[in-house]
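K.L.:
After the sequence you'll find the predicted model.
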Amino acid sequence: MTPDEIEALFTRSDGDYFFARWGRPLAPVVFGVEDETLGVVKGAFEAVCAAAGHSMAETDPELGANVMVFFFRDWQELLAVPDLDRMIEGLGPLVTRLEQAGANQYRVFRFDEQGAIRACFVFLRMDAELSQVPAETLALGQVVQSMLLWSDRAFTDRSPLARLDEGRTVLRPEISALLRAAYDPVMPGMAQDASHALLLSARVQAAPPPA
């Protein structure tokens, strides 16, 4: 990927460059699915964290779970989740906006004092469109989009995933390389200057190919 391509992935629609990665191990919890799908989602977290070189944990010492993934049929269901309005300020107006927009997914991030990601809430309204997506593909795509603070336009034209000839869905190789570069210990947890894309590009180029 060129520096310009990387920069575009973290440049928001308002023109601001904003990158952030997790500053702690991921401790996910999933609501609203059966055990079979739960295993698929957790497997996706494990696969993407391994690709990025990031770690997972059973619990977060501060939050318990720091990634919450909600599957549901109607946005109004979120208003009935105990204490969710305490974790997400303005939950009621947010639900109204998402209903009016006909949205079927949304992510909310929280950040630590250094600007790195400390928590993520993933909301998936299983409408007709999302219900047609295989569980493995849906889970993998959502986890990738939760690993970094991507631009709101990052994957509107092209998915971060690729489908192999045998039918298996995987991360696109350039996205895996970018994740590994982003989670290199020498890289910052947060960046708001587009020159950061040059550093990411250099890390991608310097990294050895995966085994």
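P.N.:
Everything's here; your move.
K.L.:
residues in contact with the residue nearest the centre of the chain?
P.N.:
Nearest residue to the geometric centre of the chain (C-alpha atoms, centre = their mean): Ser146, 1.2 Å. Residues near Ser146 by C-beta atoms under 8 Å, 6 or more residues apart in numbering: Val67, Arg107, Cys120, Val122. C-beta here means a position set from N, CA and C on the backbone, and glycine is covered the same way.
K.L.:
can I get these in TSV with secondary structure and distance to Val186?
P.N.:
As requested, those are exported to TSV (DSSP: H, G, I helix; E, B strand; the rest coil; distance: C-beta to C-beta, whole Å):
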residue	secondary structure	distance to Val186
Val67	strand	25
Arg107	strand	27
Cys120	strand	24
Val122	strand	29
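K.L.:
what about the chain, any weak spots by pLDDT?
P.N.:
Along the chain, the model assigns pLDDT under 70 to residues 207-211.
K.L.:
residue ranges for the helices of it, please.
P.N.:
Remark: helices assigned in the chain by DSSP state H are 3-9, 35-52, 84-87, 91-101, 128-131, 135-147, 173-182, 195-206.
K.L.:
hmm, who's touching the longest one?
P.N.:
This points to helix 35-52. 26, 28, 30, 33, 55-56, 67, 69, 71, 135-136, 139-140, 142-144, 147, 171, 176, 179-180, 182-183.
K.L.:
Kindly state the beta-bridge partners for Ile123.
P.N.:
Let me fix one detail, which is that residue 123 is Phe and not Ile. Taking DSSP bridges as the rule, Phe123 bridges to Phe70, Tyr106.
K.L.:
circling back to that earlier point, any idea how far the residue nearest to the centre of the chain lies from Ala52?
P.N.:
The gap separating Ser146 from Ala52 is 11 Å, by C-beta to C-beta, to the nearest Å.
K.L.:
Equivalent analysis for Ala65, please.
P.N.:
19 Å.
K.L.:
Alright, that wraps it up for me.
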